[in-house]
Every structure is written in C-alpha cells, then in structure tokens.
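> this one's sequence-less:
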C-alpha cells in the first residue's frame with residue numbers, strides 16, 4: 001500500500017509540474033507593471049498630461065525599460081550642476097528641438113545601467129511619436145546640456161566630452177555635424193552621423 005501511495009504521489013507531482021510549465025507565460029504576454037508608466041504620483045519631471053501620454057506610449061512599446069531619473073546619474077558633480085542651474089535634470093530637456101517655434105522635450109529610458117535618448121516634437125494635438133537620438137549606451141555620468149533651439153548636447157557634467165545634435169531644417173532630422181564650434185575652443189571636428 002505504501003509503495004502504491006508513493007507511485008501515485010510521484011505521478012501527481014509530475015503531472016502538476018508539466019501543467020505548470022505549459023501554463024507559463026511568454027514574457028511578451030506579461031502585462032505592463034503599473035509602476036512602469038508615468039502618473040501624477042511618479043512624475044518627477046512635472047510632465048504635463050500630453051507629455052505623460054507621449055512618454056507612456058513609448059514605455060508601452062519598451063516594457064523592459066523605464067524613464068531615467070536623476071538618481072540614475074552617477075556623476076559626483078550632479079549636485080553642483082543642480083545648484084548652479086536650479087531645476088536641472090540630467091535626463092529631461094525642454095526646448096525647441098526641430099526649430100518650429102514649439103516647445104519639444106527629450107527624455108532618456110533606462111535599463112540595467114544602459115540608456116537610450118528620445119525626443120518628442122510638439123504638435124497641435126500633443127507630441128509626435130518618439131524619435132530615437134542615440135543607441136543604448138552607459139551614459140550614467142552624462143546629461144542633457146544644451147537648451148539652445150535646434151541643438152541638443154549630451155555629455156559629462158562640467159566636462160568637454162559632449163555629443164552635439166543639430167536640427168537639419170532641410171532633411172528635418174537631428175544629426176551630429178561634421179564640425180561644430182565650441183565657444184571656448186573655436187572650430188573643432190567630429191564624426192558626422194545622422195539620427
């Protein structure tokens with residue numbers, strides 16, 4: 001009797017394990033966590049409702065990523081930057097990126113110390129779909145630095161190593177110019193890449 005009991009128990013455990021693995025969900029089918037999206041309670045950048053909608057659409061398509069926040073920045077000079085520029089956030093920028101006279105904005109998504117930069121163009125009804133401006137990279141010591149219309153610069157805080165993106169008014173896209181002029185250094189060169 002005892003032998004039959006253990007055989008029956010073994011068969012039952014085996015059956016339940018097989019059913020459990022069959023019911024396992026594909027990671028793509030797992031619903032988005034509520035804390036993954038931006039809401040009034042976790043809106044560290046004080047985004048307006050149209051901006052929240054645009055960012056949440058981006059996050060819905062990138063469920064393994066989240067919005068980068070100030071605490072993701074590892075640069076020891078961030079407190080000094082925030083003191084010198086009140087309201088500064090390394091992974092949020094609001095300026096007229098595409099030179100149309102409207103206020104666009106840029107953010108970064110974060111995953112496992114890797115970040116990707118996106119920008120959103122202001123439209124009459126909200127914001128355009130996110131446009132990728134860099135490939136995933138560890139930019140935890142970097143931040144958005146430029147607020148000049150038609151340009152975005154990303155670099156280490158209080159350092160010279162920066163990437164400048166400029167708006168091409170003819171092609172309607174951001175690109176890294178073949179050259180740029182640094183006011184402190186004069187004319188400098190860089191590798192041109194379209195974004």
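On my side now, so go ahead. Since this is a predicted model, take the numbers as computed values, not measurements.

> run through this protein and note the low-pLDDT ranges.
Where the chain drops to pLDDT under 70, the residues are 1-36, 40-41, 178-195.

> show me the helices in it, by range?
Remark: helices assigned in the chain by DSSP state H are 2-23, 49-61, 78-84.

> just checking, residue 104 touches residue 126?
No. Counting by Cβ atoms under 8 Å, residue 104 does not reach residue 126; the two are 11.7 Å apart. Placement of C-beta: from N, CA and C, glycine included.

> can you give me how far stretch 140-150 is from the chain middle?
14 Å (Cα atoms, centre = their mean, to the nearest Å).

> what residues does it touch?
Outside stretch 140-150, the residues that touch it by Cβ atoms under 8 Å, 6 or more residues apart in numbering are 72-75, 78, 81, 88-99, 106, 113, 115, 152-157, 162, 164, 166-167, 169.

> residue 72 versus residue 91, what's the distance?
Remark: distance between residue 91 and residue 72 (Cβ to Cβ, to the nearest Å) = 7 Å.

> residue 104 and residue 126: which has the busier surroundings?
For residue 104 versus residue 126, neighbours defined as other Cβ atoms under 10 Å are more numerous around residue 104 (23 against 14).

> which residues touch the more buried one?
94, 95, 96, 97, 98, 119, 120, 121, 122, 127.

> distance of the last one relative to residue 104?
Relative to residue 104, residue 127 is positioned 8 Å away (Cβ to Cβ).

> what residues are shared contacts of those two?
Any residue near both residue 127 and residue 104 by Cβ under 8 Å, 6+ apart counts here, and that gives 120, 121.

> contacts only, for residue 57.
Neighbour list for residue 57: 129, 130 [criterion: Cβ under 8 Å, 6+ apart].

> rerun at 6 Å
Counting by Cβ atoms under 6 Å, 6 or more residues apart in numbering, residue 57 makes contact with nothing.

> same check on residue 108?
Contacts for residue 108 (Cβ under 6 Å, 6+ apart) come out as 68, 91, 115, 117.

> any idea which of those residues has the most stuff around it?
Top of those by neighbour number is residue 117, holding 28 neighbours under the definition other Cβ under 10 Å.

> can I get the contacts of residue 108 in JSON lines with distance to residue 140?
Formatted as JSON lines, those follow (distance: Cβ to Cβ, whole Å):
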{"residue": "68", "distance to residue 140": "9"}
{"residue": "91", "distance to residue 140": "10"}
{"residue": "115", "distance to residue 140": "7"}
{"residue": "117", "distance to residue 140": "13"}
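
> residue 53: which of the contacts of residue 104 is nearest?
Set against residue 53, the nearest of these by Cβ to Cβ is residue 127 (7.7 Å).

> tell me, how many residues neighbour the closest one?
By other Cβ under 10 Å, the residues close to residue 127 number 21.

> tell me the spacing between it and residue 146.
Distance, residue 127 to residue 146, by Cβ to Cβ: 20 Å.

> and residue 77, what is it in contact with?
Residues counted as contacts of residue 77 (Cβ under 6 Å, 6+ apart) are 157, 158.

> cool, the one 5 residues further on as well?
By Cβ under 6 Å, 6+ apart, the contact list for residue 82 reads residue 88.

> that'll do, ta.
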